[in-house]
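1. take this sequence and fold it.
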Amino acid sequence: MSTVFSVSAFTQQAKTLLEVNFSSLSIEGEIASLTYHRSGHLYFTLKDPQSRLNCVMWRSLVSQMSVRLEEGMMVIVRGSVSLYAPQGSYQFQAKTIRPSGEGALSLAFEALKHSLEQRGYFDRARKRTLPPFPKRIALITAKESAGLSDMLHIIKKRWSLLEVIVLDTPVQGEGSAKMIAHTLRYANSLEVDVVVVARGGGSLEDLWAFNEVCVAEALFEMKHPTISAVGHEKDRLISDLVADVRGATPTEAMEILLPDKQHYLREIAEKKERFFQLMQQKLHHHREQIISLKAQLKQSSPQRGYEEKLQKVASEKRGFYHIATSLLTLKREQILSMRMRLEERMSGVIVQKLQKREDLVERLQEAKRQRISRGESYRLFSQTKEIALEELKEGEAFFLVDAQGKKRMKVVCVERL
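-> Alright, predicted model coming up:
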């Protein structure tokens, strides 16, 4: 037997199935039965030739819409399905609504442009100039995009003395406008000189995130100078109108923002060349003045005094050379004398050492002969090892043991006979 549901149980199960399986989807259709309620909520019907769907957008989301809806407008609505149990009816709760098709998008663009223009978002008086030599910039774009690659290439080519902060942000698709606005507000808190929001080209629908009110408001609130570089030359977006400067492409934005190092290198080279030319002219002028003054001096006949001064300088020069030569000779003789005295002293010391060595050897030999003649003998030890006389080396300490006892001795010199 099949299960029997109560109305409430069935409605609850239907509600659960609908809200779980259709929690986030997009639906395209035509606007009908449009009502901007005094409460701020928006009520409308989304229809196509076969069906109709009741829709609602709550006040908090209505205030964020970039366009004002009209009857008959084709739109794409993103949201979720909900079921109101007391009446057993379901409706679509819209989160975002955007026009569908190029024509509708163009109408929505013009409507938003007019609204923001009335609020002063495009006023030239509030536009800020870009710094001539930025040191730190923020780039708001998708990290893997071609637009970012183009910008980084131009930065490296034109002005690499720059710190770049890349703020990875989705620039297309569902929710991208809110993410761009959020990233702009984050960039506003950073210590940067300029903020650039950019992406490459695409269809008007692809670029639509930059036409949303939330992006326009975030750009309008920026305290830093801003550049909008979205799409191609032909594309004209709300972000271009609100930002302080528009770059037709990401590449052009960098060319507008950054000085060209090649230009300044050429300018430095030109100034250097002009400086050298000026110095050459100055030197030539002063040289000509000196020649002229010398000629005037010669004509006024101070020649005698001049010659006397030359003679005095020559005499002093000779005196200086004579004194210097004498001093050098004296010092040389003193050094030779000191060397001779040192050699004589060293020779005396060496002779004394040799004499002492010979005396010691003679005494050892004499003592040996005497002991041998008396039938006595001796033994030599290095530490605990007995050694022969021939094994002794210069500077070595040893013990001599004979009938009179043990004596500590040291070899001063060894001479082989």
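2. centroid-nearest residue for the chain?
-> Nearest to the mean C-alpha position of the chain, counting by C-alpha atoms, centre = their mean, stands Glu163 at 5.6 Å.
3. could you say which helix or strand contains Gly72?
-> Counting by DSSP states H and E, no helix or strand carries Gly72.
4. so where do the strands sit in this protein?
-> Applying DSSP state E to the chain gives strands spanning 25-36, 42-47, 52-57, 74-84, 89-99, 136-141, 163-168, 194-199, 226-230, 245-246, 379-382, 385-387, 397-402, 405-410.
5. now Ile154: how far from Val192?
-> Separation of Ile154 from Val192 (C-beta to C-beta, to the nearest Å): 18 Å. Every C-beta, even on glycine, is put in place using the N, C-alpha and C of the backbone.
6. one step back: using a markdown table, lay out the strands of the chain together with distance to Ser115.
-> Compiled in a markdown table, these are given as follows (distance: least, C-beta to C-beta, whole Å):
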| stretch | distance to Ser115 |
| --- | --- |
| strand 25-36 | 15 |
| strand 42-47 | 16 |
| strand 52-57 | 18 |
| strand 74-84 | 18 |
| strand 89-99 | 15 |
| strand 136-141 | 24 |
| strand 163-168 | 28 |
| strand 194-199 | 21 |
| strand 226-230 | 18 |
| strand 245-246 | 20 |
| strand 379-382 | 114 |
| strand 385-387 | 115 |
| strand 397-402 | 112 |
| strand 405-410 | 114 |
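7. can you redo those strands as TSV with mean pLDDT?
-> Compiled in TSV, the strands of the chain are given as follows (pLDDT from 0 to 100):
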stretch	mean pLDDT
strand 25-36	89
strand 42-47	92
strand 52-57	92
strand 74-84	88
strand 89-99	87
strand 136-141	95
strand 163-168	95
strand 194-199	95
strand 226-230	94
strand 245-246	94
strand 379-382	72
strand 385-387	76
strand 397-402	75
strand 405-410	76
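8. OK, contacts around the nearest residue to Leu116 once chain neighbours are set aside?
-> Nearest non-adjacent residue to Leu116, counting by C-beta to C-beta, 6 or more residues apart in numbering: Ala216, 5.8 Å away. Contacts for Ala216 (C-beta atoms under 8 Å, 6 or more residues apart in numbering) come out as 66, 112, 116, 121, 238-239, 242.
9. pick out the lowest-pLDDT one from the residues you listed.
-> For these, the weakest pLDDT value sits at Ser66, with 69.
10. and the lowest-mean-pLDDT helix or strand in the chain, C-alpha only, in CSV?
-> The weakest-scoring helix or strand in the chain, judged by mean pLDDT, DSSP states H and E, is strand 379-382 (a mean of 72). Extracted C-alpha coordinates of strand 379-382, given in CSV (Å, rounded to 0.1, in the frame of the first residue of the first chain):
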residue,chain,number,x,y,z
ARG,A,379,128.2,5.8,29.6
LEU,A,380,125.9,8.3,27.8
PHE,A,381,122.1,8.3,28.2
SER,A,382,119.4,10.2,26.3
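11. any idea how far that strand is from the chain center?
-> 79 Å (C-alpha atoms, centre = their mean, to the nearest Å).
12. equivalent analysis for stretch 326-340, please.
-> Worked out by C-alpha atoms, centre = their mean, stretch 326-340 lies 65 Å from the chain centre.
13. do the same with stretch 120-140
-> With C-alpha atoms, centre = their mean, you get 23 Å for stretch 120-140.
14. list the buried residues for that stretch?
-> By 16 or more other C-beta atoms under 10 Å, the buried positions in stretch 120-140 come out as 121-122, 130, 134, 137-140.
15. likewise stretch 57-65?
-> 57, 61-62, 64-65.
16. same question for stretch 211-229.
-> So stretch 211-229, judged by 16+ other C-beta under 10 Å, has buried residues 211-220, 222, 224-229.
17. same deal with stretch 140-147?
-> 140-142, 145, 147.
18. what sits up against that stretch?
-> Against stretch 140-147 from outside (C-beta under 8 Å, 6+ apart): 148, 151, 166-172, 180, 183-184, 187, 195-200, 229, 249-250.
19. if you set the cut-off to 7 Å instead, what comes out?
-> Contact with stretch 140-147 is made by 148, 166-171, 180, 183-184, 187, 195-200, 250, as judged by C-beta atoms under 7 Å, 6 or more residues apart in numbering.
20. quick one, which of the residues you listed are buried?
-> Listed as buried from the contacts of stretch 140-147 are 148, 167, 169-171, 180, 183-184, 187, 195-200, 250; burial here means 16+ other C-beta under 10 Å.
21. what's the farthest-apart pair in those?
-> Within these, Ala187 and Gly200 form the most distant pair, 19.9 Å apart (C-beta to C-beta).
22. how much space separates Asp260 from Pro131?
-> Taking C-beta to C-beta, one finds Asp260 at 15 Å from Pro131.
23. excluding chain neighbours, what is closest to Ile154?
-> Ile154 sits nearest to Met254 (C-beta to C-beta, 6+ apart), 3.8 Å away.
24. what's around the one you found, how many residues?
-> Neighbour count of Met254, defined by other C-beta atoms under 10 Å: 26.
25. that one contacts Met151, doesn't it?
-> Yes. Counting by C-beta atoms under 7 Å, Met254 does reach Met151; the two are 5.1 Å apart.
26. any idea which helix is longest in the protein?
-> helix 303-373 (DSSP state H).
27. got the domain boundaries for this structure?
-> Per automatic domain parsing, the structural domains of the chain span 7-100, 114-259, 261-290, 353-410.
28. ok, Leu34 - contacts?
-> 44, 69, 71.
29. Lys178 too?
-> Neighbours of Lys178 in contact, by C-beta under 7 Å, 6+ apart: Cys214.
30. for it, give its distance to Leu204.
-> 19 Å.
31. quickly note the distance from Ala187 to Met222.
-> In terms of C-beta to C-beta, Ala187 sits 8 Å off from Met222.
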